[in-house]
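*Asks:* Okay, here's the prediction I keep looking at, along with the sequence it came from:
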Amino acid sequence: MTASSSDEAEVPLARVPKTAEIVADHIRRRIIRGELKEGDFLPPEGQLMTTLRISRPTLREAFRVLETERLISIVRGSRSGAQVHRPRVASVSRYAGFVLQAEGTTITDIYDARLAIEPFLARRLAEQRPEGATDQLRAETDRLTQLVEDERYIDFMIAIAAFHRLLVEVSGNHTLLFLTKMLQDVLARHQVEFFKVRVMPDAEQRRRSLWGIRSFRRLIELIDAGDANGAEAHWRLHLVNANASWVPEDLRNKVIDVLG
């Protein structure tokens, strides 16, 4: 049966990409695949125009697309041109923070997300015990201890976030590491501001900090022992207690602030 003219009119026409989009996609693919490395410069404009058989306006429009994606930056000076950048989490994490804040995401929500990720990875680390993982965690714990001994508590707050990120990193799960890095900026900002506003005596700050460090060391021991159940249970309890400390009753419904 032949389709009616009215039926044909309802079929949307495929959008033909602009030449600049095709050029941007060509360069983007080379960056993502590693053919173009961090810090490399693209060939001069004239050479690209000849090779790709495009006009200067088309090339510059493609450059604008890639600049918006932070895959290139235009450098002026003695070494001018389009410099390549590998994709970075930082390129999306700030925007992700804007989205979370605009959607009314609370501090509690962010901490609950960490609770959903890290105990699972503590179990996985104890099951698989990747080479060098606990050595890295132990070195980071030693660094945290020194910060407490030096009474550098603001730096300690920031370094705690680094420990949590490292825990995910040594697990080898790239997807969860990506999500964790996006959340860490929000968490670190909250914890530093929390510490500034809710000042506590040095003795209390030291007590809490050393409690956290002992818990970190216990986690490392459980991972080294291959105790998957123990590692998961210990880290879940640690996070529940830590979350209660960082998110008291009066802050549980507070919307995150990434603009402050």
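*Replies:* Arrived safely.
*Asks:* Excluding chain neighbours, give the residue nearest to Leu100 in space.
*Replies:* Leaving out its chain neighbours, the residue that sits closest to Leu100 by C-beta to C-beta, 6 or more residues apart in numbering is Ile256, at 6.0 Å. C-beta: built from backbone N, CA, C; applies to glycine.
*Asks:* Poorly predicted segments of the protein, please.
*Replies:* Low-confidence segments of the chain (pLDDT under 70): 1-16, 78, 260.
*Asks:* Now with 80, please.
*Replies:* 1-17, 77-79, 90-91, 93, 185-186, 188-200, 258-260 (pLDDT under 80).
*Asks:* host element of the residue positioned nearest the centre of it?
*Replies:* The residue lying closest to the centre of the chain (C-alpha atoms, centre = their mean) is Lys181, at 2.3 Å. Assessed by DSSP states H and E, Lys181 sits inside helix 174-197.
*Asks:* helices and strands around that helix, which ones?
*Replies:* Judged by 3 or more C-beta pairs under 8 Å, 6 or more residues apart in numbering; DSSP states H and E, helix 174-197 is in contact with helix 90-102, helix 107-128, helix 153-169, helix 228-246.
*Asks:* any idea which helix or strand comes after that helix?
*Replies:* helix 202-224.
*Asks:* Which elements pack onto that following helix?
*Replies:* helix 107-128, helix 133-149, helix 153-169, helix 228-246.
*Asks:* Output it as CSV, nothing but the C-alphas.
*Replies:* Output of helix 202-224 as CSV, limited to C-alpha atoms (Å, rounded to 0.1, in the frame of the first residue of the first chain):
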residue,chain,number,x,y,z
ASP,A,202,41.3,22.3,69.7
ALA,A,203,41.1,19.4,72.1
GLU,A,204,37.7,18.3,70.8
GLN,A,205,38.9,18.8,67.2
ARG,A,206,41.9,16.7,67.9
ARG,A,207,39.8,13.9,69.5
ARG,A,208,37.5,13.7,66.6
SER,A,209,40.2,13.8,64.0
LEU,A,210,42.2,11.0,65.7
TRP,A,211,39.0,8.9,66.0
GLY,A,212,38.6,9.2,62.2
ILE,A,213,42.2,8.2,61.6
ARG,A,214,41.8,5.2,63.8
SER,A,215,38.8,4.2,61.8
PHE,A,216,40.8,4.6,58.6
ARG,A,217,43.5,2.4,59.9
ARG,A,218,41.0,-0.3,61.0
LEU,A,219,39.5,-0.3,57.5
ILE,A,220,43.0,-0.9,56.0
GLU,A,221,43.6,-3.8,58.4
LEU,A,222,40.3,-5.4,57.3
ILE,A,223,41.2,-5.0,53.7
ASP,A,224,44.6,-6.5,54.2
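*Asks:* from the middle of its chain, how far away would it be?
*Replies:* 25 Å (C-alpha atoms, centre = their mean, to the nearest Å).
*Asks:* the inter-axis angle of that helix versus helix 228-246?
*Replies:* On the basis of axes from the mean of the first three to the mean of the last three C-alpha atoms, to 10 degrees, helix 202-224 is oriented at 160 degrees to helix 228-246.
*Asks:* Now tell me what touches helix 202-224 from outside.
*Replies:* Contact with helix 202-224 is made by 122, 125-126, 129, 133-134, 137-138, 141, 144-145, 148, 151, 153, 156, 160, 163, 200, 230-231, 234-235, 238, 242, 245, as judged by C-beta atoms under 8 Å, 6 or more residues apart in numbering.
*Asks:* Domain-wise, how is the chain divided?
*Replies:* Following automatic domain parsing, one gets these domains for the chain: 15-84, 90-251.
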